[in-house]
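J.: Prediction below, plus the sequence it came from.
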Amino acid sequence: MNKKLLSVLVVLLGGFAFIAAALYWGQFGFKAPDSVSHEYKEANKQMQWSFDGIFGTVDKQSAQRGYKVYKEVCASCHSMDQIAFRNLQGLGLTAAQIKALAAEYTVEEIGDDGEMVDRAALPSDKLPNPYPNTQAAIAANGAYPPDLSLMVKARPDGANYLYSLLTGYNMPIPQYNCAKAKDGKCIKFAKAGNNSANNFECIDITHDKKTYEETCVELSEGTYYNPYFPGRALKMRAPVLDGQVDYDDGTEASVEQMAKDVTNFLQYTAEPEMEERKRMGLKVIIFLTIMTIFFYFAKRNAWRRVE
Amino acid sequence: MAGAPKPQQPGIIGWLDYRLPIFSTMKESLVDYMTPKNLNYFWNFGSISGICLVIQILTGILLAMHYTPHVDHAFNSVEHIMRDVNYGWLLRYTHAVGASMFFIVVYIHVFRGLYYGSYKSPREVLWALGVLILLTMMATAFMGYVLPNGQMSLWGAQVITNFFGVIPVVGDSVLEWIRGGHSINNATLNRFFALHYLLPFIIMGIVILHLVALHTHGSNNPTGVDVKTKKDTIPFHPYYTLKDCFGFGIFFIVFAYFIFYEPNYLGHADNYIPANPLVTPAHIVPEWYFLPFYAILRAVPDPLLGVIAMFSSIVILFFLPWLDKSPVRSSSYRPVYRVFFWIFAANAVLLGFIGAAPAEGIYVWIGRLATLYYFFHFLVIMPVVGKLETPRKLPANLSETYKKH
C-alpha cells in the first residue's frame, strides 16, 4: 500500500512540476529567458578594517584624521545631526580640545529680549548643519546630501561601500559598440570594439525582457560616473582629490588614505558604543558558556535516576 | 467554590497560600506536574518562547520610557536611546534581535507540533490558541517595526496597511480609518505605538490559556502514544526544570552572539535612513520572519486574492486537526508522511527566499509553484496520505522507547 501510494503521489507531483515548467518555458516561445536583474552596481571593494571581527576596535588616529576630512570637505554639504561635539571624546580628544573645537563655531539661540543672538558653541551642542533646511540643501546641490551620522549602518556592507565609492571616481565610463541596429535604433550592444564611430558611452545597459531590446543609459548633466553607486551615477562630484587635506600628524593625504580615514570616522559616528559592546559580549558569552556547561552536567546528573 | 481549600500550612507562605493559592498552584504545575519521560529537545522550545515574551516585555517597557511616538521625533528618540541612554544600545538591540529570536523559536515550536501531531485530539484548542498567539505576535512585530520611523518602517507600513484597502466596497474607508488619515502619518505611528504596547499583554493572556489547555491533558510525546501508567511519567521538577535551564543556556549564547556581534544582521540597512514619503526604497522587504507570507501574497497576481491567500496560509493552520486524517499522531511512525513533512519544511524555507527576491522572472514562477505546494500539502497530502498510509506498529507504551541515560 505504501509503495503504491508513494508512486501515485510522486507521479502527481512530477506531472504538476512538468506542466508548470512547460507553462513557464512556453511564455518565452521556448527560448532561454534574459537575465532577471542586470548589474546594478559594481561589488564593493573588500577591505580589512580594524573594527572588523569580535575583537575589533576603531583606529582612533585614523578616525581623528577622518574627522578633519569631514570637517574640511564633507561638512560643507553633509550634516552630522546625531553627533554632538562631546561625542568626539571617543576619538581620543581631551575635554579641553573639544571645548576649543566647539568654540570655533557659532550657534544661534533666542536671547533674553526675544531676539536671536549668536554664542560660541558648547560641547553639548550638535555639529552644525550646513543648510538651514532640506529645501536649501537640495537647491544648492541638485539632490539632498544625506546626513552622514549613520551612513555606515544605512548602507549594506557600509564601510566597504563608502571606501569603494570615495575611491571609485576615477573609473572610465564603459564603452559599448552597437552590435545590432533596427529602424535606425540600436537594439543590441556589445562591449567596445574597434569601430569607434559606433561607440556609445554607457553607464548602464537596461534590457527590455519582452522585446529583448537594450538601452544605453548615458550620463546626464550634473551627474558623475561611479560604478560603486547603485545605478552607477550620482549627483556628487568626486569630493576628495589628492592632497586636499593637510593632516596634522604628517600622514600623506592620498585619496585612498582620506577615504580610509573618513570611513573609520564614520564607523565611529554610526556606532560609538561598538567597542564597549564587543567587550561586554565576550564577558557575557564566557559567563553563559560556563553556566550552560554547569546546567548540562546538573541535568545529566538528575536524569541518571530515570528508568 | 471548588471544594474546601486544604488546611492552612505553617509559616508566612502557608498563611498567604491559604488566602490566595499561588504557591500551591505553582507547585502543582511546575514541580509535581507529571510529564512524559521521553520528551526530546524539541520540547524545550515552548519554555524558550515564554522567556522570549518576558524579555521582549521587559526591554520594551524600558525602551518606552525613552521613546517618542511622533513622526518628527521618533527616529531621533531611537538614536537618543542608542547613544545617550545608559545601556540604551543594549536595550534596543536586545529588543530588535529578541523579536527575531522569538520568531525562530516559535517556528521551531510549531514545526515540532506539525511533526509529532500535537494538534490532534484532545489538543485542538491548545493548537488553536497557539495559532492565535502566532497571529498576535505577527501584528505586534509589524507595528513594532514601524516605530523607529525609518524608510522600511514607513514603506512596510504602506504595503501592509494597503492589505485592508483591497476589501471590496468598504476597503478605502477601512484603510483611512486604520491609518487615521489619507496617508500614513503621525496618527498612524501614534496608534501603532499604543497597540504595540498593548498586544504583548494580550499575548500573555492567551499564553496562560495555552498553558491551562496544555495542563488539562498534559504534553504530547515523540511516540504520539498517550501516557498510560505513572511509570510513563516523571515530575516536571527537577528533570524538565534542569533540562529547560540547559536549553535556555544554549539559547542565550546564540542570542548574545547576535546582540553583541551582529546586531543588524537580521535587519535591513534602509531602516537607518529616516522615513521619506517621497522616496521609495529599491526593494521593499519585510523582516525575515514575514518573508514566506510575503511570497505567498505576491505569488497571486490579483491584489484581493493575494491578501486572501496570505491570510488563508495562516488560518488554514486552525483546521489541521481535521485535515489530518491519520489515526497515528507522530511522524516517527508514519514513514510516508514523514517524507512529505520534510518537503513541506524545505518548501517553507524556499518561500522565505522567494519573499526576499525581486518579483521578476523565474522567481515569480518558483514562488507560484511553492505557494501552490504549500496549500497542496495541507489540503491534499495531509488527508490523502493520512487515510491511505500504512503506519509502523506503535509501541505498547512510551516507556518502551525510553533509553536510560
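T.: That came through fine. Numbers count the residues shown, from 1 in each chain, chains lettered A, B, ... in the order given.
J.: Give me the contacts around stretch A:150-165.
T.: Defining contact as Cβ atoms under 8 Å, 6 or more residues apart in numbering or on different chains, one finds that stretch A:150-165 is touched by A:42, A:44-47, A:49, A:51, A:82, A:146, A:226, A:228-229, A:259-260, A:262-263, A:266-267, A:269-271, B:79, B:264, B:269-270, B:272-273. All C-beta spots, glycine's among them, are computed from the backbone N, C-alpha and C.
J.: Buried members of the residues you listed into ChimeraX, please.
T.: A single ChimeraX command selects the buried members of the contacts of stretch A:150-165 (16 or more other Cβ atoms under 10 Å in any protein chain shown):
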select /A:44,49,51,82,146,226,228,229,259,260,262,263,266,267,269,270,271 /B:79,264,269,270,272,273
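J.: Return the subset of the contacts of stretch A:150-165 lying in strands.
T.: With strands taken from DSSP state E, there is no overlap with the contacts of stretch A:150-165.
J.: So in terms of bridging, what pairs with A:Tyr224?
T.: A:Leu234 (DSSP bridges).
J.: wait, doesn't it sit right on A:Leu234?
T.: Yes: counting by Cβ atoms under 8 Å, A:Tyr224 does reach A:Leu234; the two are 6.2 Å apart.
J.: longest helix of chain A?
T.: Secondary structure of chain A per DSSP state H: the longest helix is helix A:274-303.
J.: now for it, which elements pack on it?
T.: Other elements packing on helix A:274-303 under the criterion 3 or more Cβ pairs under 8 Å, 6 or more residues apart in numbering or on different chains; DSSP states H and E are helix B:88-116, helix B:236-261.
J.: And the shortest one, what's buried?
T.: Neighbour-count burial for helix B:236-261, with 16+ other Cβ under 10 Å as criterion, is recorded at B:236, B:238-253, B:255-261.
J.: any idea of the angle the longest helix of chain A forms with helix B:88-116?
T.: 40 degrees (axes from the mean of the first three to the mean of the last three Cα atoms, to 10 degrees).
J.: and the stretch 51-200 of chain B, which of its residues are near chain A?
T.: Residues of the stretch 51-200 of chain B lying near chain A by Cβ under 8 Å from any Cβ of the partner chain: B:Asn76, B:Glu79, B:Met82, B:Arg83, B:Trp89, B:Leu90, B:Tyr93.
J.: Would you mind giving these as JSON lines with distance to B:Tyr33 and pLDDT added?
T.: Shown next, in JSON lines, are those (distance: Cβ to Cβ, whole Å; pLDDT from 0 to 100):
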{"residue": "B:Asn76", "distance to B:Tyr33": "49", "pLDDT": "98"}
{"residue": "B:Glu79", "distance to B:Tyr33": "46", "pLDDT": "98"}
{"residue": "B:Met82", "distance to B:Tyr33": "43", "pLDDT": "98"}
{"residue": "B:Arg83", "distance to B:Tyr33": "46", "pLDDT": "98"}
{"residue": "B:Trp89", "distance to B:Tyr33": "40", "pLDDT": "98"}
{"residue": "B:Leu90", "distance to B:Tyr33": "35", "pLDDT": "98"}
{"residue": "B:Tyr93", "distance to B:Tyr33": "36", "pLDDT": "98"}
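J.: Which pair of the residues you listed spans the longest distance?
T.: B:Asn76 and B:Leu90 (19.3 Å; Cβ to Cβ).
J.: With neighbour numbers in mind, choose between these two.
T.: For B:Asn76 and B:Leu90, the more surrounded residue by other Cβ atoms under 10 Å in any protein chain shown is B:Leu90, and the numbers stand at 21 against 14.
J.: With B:Thr371 as the reference, measure out to that one.
T.: Distance, B:Leu90 to B:Thr371, by Cβ to Cβ, to the nearest Å: 40 Å.
J.: pLDDT score assigned to A:Asn231?
T.: I think there's a mix-up here, since residue A:231 is Gly and not Asn. Note on A:Gly231: pLDDT of 86.
J.: show me the contacts for A:Glu214.
T.: Here A:Glu214 is in contact with A:Cys186, A:Ile187, A:Lys188, A:Phe189, A:Ile205, A:Thr206, A:His207, A:Asp208 (Cβ under 8 Å, 6+ apart).
J.: give the contact list for the second one.
T.: With Cβ under 8 Å, 6+ apart as the criterion, the residues that contact A:Ile187 are A:Lys180, A:Ala181, A:Tyr212, A:Glu213, A:Glu214.
J.: so it is in which element?
T.: strand A:185-191 (DSSP states H and E).
J.: I figured B:Ile296 was touching B:Ile316, is that so?
T.: No: using Cβ under 8 Å, B:Ile296 makes no contact with B:Ile316, being 11.1 Å away.
J.: Could you check which residue of the stretch 101-250 of chain A lies nearest chain B?
T.: Distances between the stretch 101-250 of chain A and chain B by Cβ to the nearest Cβ are smallest at A:Ala154, namely 3.9 Å.
J.: Distance-wise, check the residue nearest to that residue when sequence neighbours are not counted relative to A:Glu276.
T.: Nearest non-adjacent residue to A:Ala154, counting by Cβ to Cβ, 6 or more residues apart in numbering or on different chains: B:Tyr272, 3.9 Å away. According to Cβ to Cβ, B:Tyr272 and A:Glu276 sit 20 Å apart.
J.: Ok, B:Phe236 next?
T.: 40 Å.
J.: do the same with B:Phe344
T.: From B:Phe344 to A:Glu276 the distance is 44 Å (Cβ to Cβ).
J.: Can you name the residues that contact the residue in the stretch 101-250 of chain B that chain A sits nearest to?
T.: Proximity of the stretch 101-250 of chain B to chain A (Cβ to the nearest Cβ) peaks at B:Gly249, 3.0 Å away. Shown in contact with B:Gly249 (Cβ under 8 Å, 6+ apart): A:Leu288, A:Met291, A:Thr292, A:Phe295, A:Tyr296.
J.: now do 10 Å
T.: For B:Gly249, the contacting residues are A:Leu288, A:Thr289, A:Ile290, A:Met291, A:Thr292, A:Ile293, A:Phe294, A:Phe295, A:Tyr296, A:Lys299, by Cβ atoms under 10 Å, 6 or more residues apart in numbering or on different chains.
J.: Show the subsequent helix or strand relative to the lowest-mean-pLDDT helix or strand in chain A.
T.: Every helix and strand of chain A was ranked by mean pLDDT, DSSP states H and E. The lowest is helix A:2-26, at a mean of 69. Following helix A:2-26 in sequence order, the next helix or strand is helix A:60-72 (DSSP H and E).
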